[in-house]
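S.K.: just to be clear, the model below is a prediction. Sequence and coordinates:
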Amino acid sequence: MKLELLPPDPKICVPRHWLSCALPFIIFIFMLLFYLSGEKHNELTGCGFRAQLCVPERSLSSQVEPGLKSGELHCLGPDKLPGQLVRPFRESLTTEGDLQLPQFLDGWRKLVMLLDPLGTFFTFATQEASAKLSALESYSRGPHSSHYQTFSAMAAWEQDTSKYSPGLHILVLLHPALHWAQLCLGGIARVQNVDVGALCGEAYQRVLGPHHPWLIRKAANLAFLTFPRRSQLLALVCPGVHEQDAQEALSHVADILEAVYNRTQGLLTERGLLTGGVTLMSAGGR
């Protein structure tokens, strides 16, 4: 069925409310022009519209730093961002059946740093996550910080002292975003010749899209159309290494994200906190 836009109903869009009626159309036209300008730039340069995505289309093996040996996962080293992400997330799982919150938050901060340069939608998602992380970090450093060292301690404290349970609420909001990042990055790492925009877009529609208003879903769809190629993303995630090394490192990242997601899923489910499918960036979570 073909949908057509109808002109505004004059009975609804009275003159004094013309701005509120026109605003959605103005935003949509802006996004469309933004997308088309990015497509034109892609034709001219072969790069995405974000400057940091302009990684030349050549074999990553030609970018290997002197002295590096093929087969070593340099990106998981202590001076590389993927390695800096994996370690705190792994440490957050050291207590069986619980989650160490300081390490969890540290891992999330590194995930934000990893995702932010990868494209428009990644940036949008990380900005939302950063606000949630800052709030939860303020609790873990505040006067009641002793109650915010583990998930179990936080849950017991907030459910006894607060009807709102702000820390638990934030964790519920972050939870599906972690799942989306795991699905997207895992697919990039493991699927050869994949259309990255289609892959991450499908994960978005499955995990986050159902909870977003129409305008955000449309903006996300446009952003996924402009995603860079897989080789460009791998070069951004793990610069200066062979592509195989980058794939393996990103696969390790996806594995630890999945482990943290599964642990968090179990903890939230045990306490009945996932009813209603609240998600990061949902209207109710702002």
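M.R.: Good, I have the coordinates.
S.K.: count of neighbours near the nearest residue to T95 once chain neighbours are set aside?
M.R.: Nearest residue to T95, sequence neighbours excluded (CB to CB, 6 or more residues apart in numbering): T150, at 6.7 Å. Glycine gets a C-beta too; all of them are placed from N, C-alpha and C. Counted with other CB atoms under 10 Å, residues neighbouring T150 total 18.
S.K.: residue contacts, T150?
M.R.: Residues counted as contacts of T150 (CB atoms under 8 Å, 6 or more residues apart in numbering) are 95, 98-101.
S.K.: pLDDT weak spots in the stretch 101-250 of the chain?
M.R.: For the stretch 101-250 of the chain, residues meeting the criterion pLDDT under 70 lie at 120.
S.K.: can you map out the helices along it?
M.R.: 101-115, 120-140, 151-161, 166-190, 196-207, 214-225, 230-237, 243-270 (DSSP state H, counting those that start in this stretch).
S.K.: related to what we said a few turns ago, so the residue nearest to T95 bridges to which residues?
M.R.: Here T150 sits in beta bridges with Q100, going by DSSP bridges.
S.K.: and the gap between it and Q84?
M.R.: 22 Å (CB to CB, to the nearest Å).
S.K.: then H175?
M.R.: 22 Å.
S.K.: follow-up on the earlier one: out of the helices of the stretch 101-250 of the chain, which gets nearest to G77?
M.R.: helix 243-270 (9.5 Å; CB to CB).
S.K.: let's have the contacts of T150 in TSV, adding neighbour count and distance to L225.
M.R.: TSV is the format used below for the contacts of T150 (neighbours: other CB atoms under 10 Å; distance: CB to CB, whole Å):
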residue	neighbour count	distance to L225
T95	13	43
D98	17	41
L99	21	36
Q100	19	39
L101	24	37
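S.K.: re the thing from before, redo the helices of the stretch 101-250 of the chain as TSV? Include distance to F89.
M.R.: Below are the helices of the stretch 101-250 of the chain laid out as TSV (distance: least, CB to CB, whole Å):
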stretch	distance to F89
helix 101-115	4
helix 120-140	14
helix 151-161	14
helix 166-190	10
helix 196-207	19
helix 214-225	25
helix 230-237	16
helix 243-270	5
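S.K.: among those, which comes closest to C75?
M.R.: Of those, nearest to C75 by CB to CB is helix 243-270, at 3.6 Å.
S.K.: go ahead and measure how far the closest one is from the middle of the chain.
M.R.: Helix 243-270 has its C-alpha centroid displaced from the chain centroid by 13 Å (CA atoms, centre = their mean, to the nearest Å).
S.K.: that helix vs helix 230-237, what angle?
M.R.: Angle of helix 243-270 versus helix 230-237, following axes from the mean of the first three to the mean of the last three CA atoms, to 10 degrees, is 80 degrees.
S.K.: in helix 243-270, what's buried?
M.R.: 243, 245-250, 252-257, 260-261, 263-264, 267-268 (16 or more other CB atoms under 10 Å).
S.K.: pretty sure L76 contacts L85?
M.R.: No: taking contacts as CB atoms under 8 Å, L76 lies outside contact range of L85: 9.3 Å.
S.K.: between these two, who's got more neighbours?
M.R.: L85 (27 against 19).
S.K.: what sits against that one?
M.R.: 107, 110-111, 114, 253, 256.
S.K.: same check, this time on S130
M.R.: With CB under 8 Å, 6+ apart, S130 has these contacts: V112.
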